[in-house]
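> Predicted structure and sequence below. I'll ask about it afterward.
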Amino acid sequence: MSDRRMKRNSSEKDFSRGFQYGMQGKSRELCPKQEGTAGHQNWMNGWRNGREAYWNAETGIAGISTRNENHALG
């Protein structure tokens with residue numbers, strides 16, 4: 001696997017996990033990534049999008065659709 005692909009997969013995984021925490025209403029303080037790293041930034045971006053979806057009560061397909069659209073932009 002190329003370095004670029006590994007980095008993309010890691011970024012997507014961090015974003016997705018952050019999104020899941022946000023959708024579950026969990027605190028951003030639970031971010032397992034070290035502050036100041038790309039992993040932390042990706043996780044926090046996912047968490048923010050997940051929290052927004054949580055506030056808007058977008059669950060199921062609507063929440064997944066929002067996550068994918070926002071991630072594609074960032």
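Now that the structure is in, tell me what you want to look at. Numbering: from 1, shown residues only.

> in the chain, which spans are helices?
Assignment of helices within the chain using DSSP state H yields the ranges 3-23, 38-55, 61-73.

> Distance check, residue 27 against residue 39.
Applying C-beta to C-beta, to the nearest Å, the value for residue 27 to residue 39 is 18 Å. Placement of C-beta: from N, CA and C, glycine included.

> brain fart, residue 49
Distance from residue 49 to residue 39, counting by C-beta to C-beta: 16 Å.

> Which one's more surrounded, the two?
When residue 49 and residue 39 are compared for neighbours, residue 49 comes out ahead with 24 against 19, by other C-beta atoms under 10 Å.

> Test for you: state the pLDDT assigned to that one.
With respect to pLDDT, residue 49 scores 95.

> can you check residue 57 too?
73.

> how many neighbours does it have?
Residues near residue 57, counting by other C-beta under 10 Å: 8.

> what residues are up against residue 33?
14, 39-40, 42-43 (C-beta atoms under 8 Å, 6 or more residues apart in numbering).

> What's the local residue count around residue 9?
For residue 9, using other C-beta under 10 Å, the count is 11.

> ok, it to residue 16 distance?
For residue 9 relative to residue 16 (C-beta to C-beta), the value is 10 Å.

> so residue 38 makes contact with residue 11?
Yes - assessed by C-beta atoms under 8 Å, residue 38 is found in contact with residue 11 at 7.0 Å.

> out of those two, which sits in the busier spot?
Neighbour count, other C-beta under 10 Å: between residue 38 and residue 11, residue 11 has more, with 19 against 12.
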